[in-house]
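Novice: sequence below, structure please.
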Amino acid sequence: MVSILRVNFISCDRLLQFKIGAQFLLNISKRCKRPSFRGTTSELTDAITDKSFFFFFLFQVDVFVAMGFHKRSYGRFHGRVYLQDSAPTDASLVITELTLEDYGRYKCEVIDGLEDGTGVVSLDLQGIVYPYFPRLGRYNLNFFDAERACREQDSIVASFDQLYEAWRGGLDWCNAGWLSDGSVQYPITTPREPCGGKNTVPGVRNYGLRDKEKNRYDVFCFTSNYKGRFYYLIHPSKLTYDEAVVACQKDGAQIAKVGQMYAAWKLLGYDRCDAGWLADGSVRYPITRPRRRCSPTEAAVRFNGYPDKKHKLYGVYCFKGHN
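Specialist: From the prediction side, this is the model:
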């Protein structure tokens, strides 16, 4: 008798092509309990007798199929998923080179003759949610613009779960932004006028689902680890934006993106009290150790706006990828 294991991605998050540097270990028991991360690969683990496996997303994209000795991976998972096969009853699916789009909820189903079982497991990536708006100013992005804006910063549009966890971690932001499900929300930890209402409780305020083409807001982006080095370039003089781009290139790097700065700040503890150009034309600097003249009130990525690119007033943050 051939047993079948199916895994369906049931998150509504949309897809991007962005690889993160970290790889995580996901263990799922026979009942597909919530995973924990503690290693260098991602495993979907169950034990069945004779194996035929189908792994596919909600959008009906096959990921992996194995029937006896015949195995094949598909689509964007091609070449980075395989069965561990450490024992005859081992049905561990190993996912390497995790991407941001792998985040979400998975439904797993085991069919063994007349018996079957299902469960839902979440794959959570360590990362950070941050608010974003372009040079045009606040409330200038429809949903598709928002997706593109996050993608250009090596990020994806955050999910509600990710925003909720960020709110629980203290994120307070008084401007509404798109989330991946097409809703518009914003997190408030200290209610005030006009941010959630003065006499209301803290929470994530929800404008509901909005028209993805007509309505315009900011966006909440999500990013995680990366393969490379984020750094402030030591340079003898301040730079215009164009000079900053060239300076990073001469150093064998590229001008850094907003998502890379947030990841370095949150996940690696990067701290630098020097305002510098980033790829989108904004000027920011990351502070993890608040001090006089360096974000004295809180740890934060400080934002100096979108200055004239011809101003020769700032340094530059660069990113050098690891191949």
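Novice: what's the distance between Gln249 and Gln260?
Specialist: 16 Å (Cβ to Cβ, to the nearest Å). The way it works is simple: take the backbone N, C-alpha and C, and place the C-beta from them, glycine included.
Novice: looking only at neighbour counts, state which of those two leads.
Specialist: Using other Cβ atoms under 10 Å, the more surrounded residue of Gln249 and Gln260 is Gln260, with 26 against 12.
Novice: okay, domains of this protein per the record?
Specialist: With domains defined by automatic domain parsing, the chain comprises 3-123, 127-223, 225-321.
Novice: lowest mean pLDDT across these, which one is that?
Specialist: Mean pLDDT values for these show the minimum at domain 3-123, a mean of 55.
Novice: dump the residue contacts of the residue nearest the centre of the chain.
Specialist: Geometric centre of the chain, nearest residue: Thr223, 3.2 Å, by Cα atoms, centre = their mean. Taking Cβ atoms under 8 Å, 6 or more residues apart in numbering as the contact definition, Thr223 lies against Leu100, Gly127, Ile128, Tyr130, Gln153, Asp154, Ser155, Ile156, Gly259, Gln260, Tyr262, Ala263.
Novice: tell me where the stretch 201-323 of the chain has strands.
Specialist: Remark: strands assigned in the stretch 201-323 of the chain by DSSP state E, counting those that start in this stretch are 203-209, 218-224, 228-232, 254-255, 276-277, 283-287, 300-303, 315-321.
Novice: dump these to JSON lines, plus distance to Glu165.
Specialist: Formatted as JSON lines, the strands of the stretch 201-323 of the chain follow (distance: least, Cβ to Cβ, whole Å):
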{"stretch": "strand 203-209", "distance to Glu165": "10"}
{"stretch": "strand 218-224", "distance to Glu165": "10"}
{"stretch": "strand 228-232", "distance to Glu165": "23"}
{"stretch": "strand 254-255", "distance to Glu165": "30"}
{"stretch": "strand 276-277", "distance to Glu165": "29"}
{"stretch": "strand 283-287", "distance to Glu165": "20"}
{"stretch": "strand 300-303", "distance to Glu165": "18"}
{"stretch": "strand 315-321", "distance to Glu165": "26"}
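Novice: between the ones you listed, which gets nearest to Val184?
Specialist: strand 203-209 (4.1 Å; Cβ to Cβ).
Novice: grab the CA positions of the closest one and hand them over as CSV.
Specialist: The C-alpha atoms that make up strand 203-209 are tabulated as CSV, following Å, rounded to 0.1, in the frame of the first residue of the first chain:
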residue,chain,number,x,y,z
GLY,A,203,-3.9,47.5,19.7
VAL,A,204,-3.6,47.1,16.0
ARG,A,205,-6.1,49.4,14.3
ASN,A,206,-7.8,48.0,11.3
TYR,A,207,-9.2,49.9,8.3
GLY,A,208,-10.3,46.6,6.7
LEU,A,209,-9.7,45.4,3.2
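Novice: packing partners for that strand?
Specialist: Packed against strand 203-209 by the contact rule (3 or more Cβ pairs under 8 Å, 6 or more residues apart in numbering; DSSP states H and E) you find helix 160-168, strand 183-188.
Novice: now it: buried residues?
Specialist: Val204, Arg205 (16 or more other Cβ atoms under 10 Å).
Novice: so what touches that strand?
Specialist: 160, 163-164, 167, 176, 181-188, 196.
Novice: next one: that strand to chain centre, how far?
Specialist: Counting by Cα atoms, centre = their mean, to the nearest Å, strand 203-209 is centred 21 Å from the centre of its parent chain.
Novice: state the distance from the closest residue to Val219 other than its chain neighbours to Trp167.
Specialist: Ranked by Cβ to Cβ, 6 or more residues apart in numbering and with sequence neighbours excluded, the top spatial neighbour of Val219 is Ala146, at 3.6 Å. From Ala146 across to Trp167, the span is 19 Å (Cβ to Cβ).
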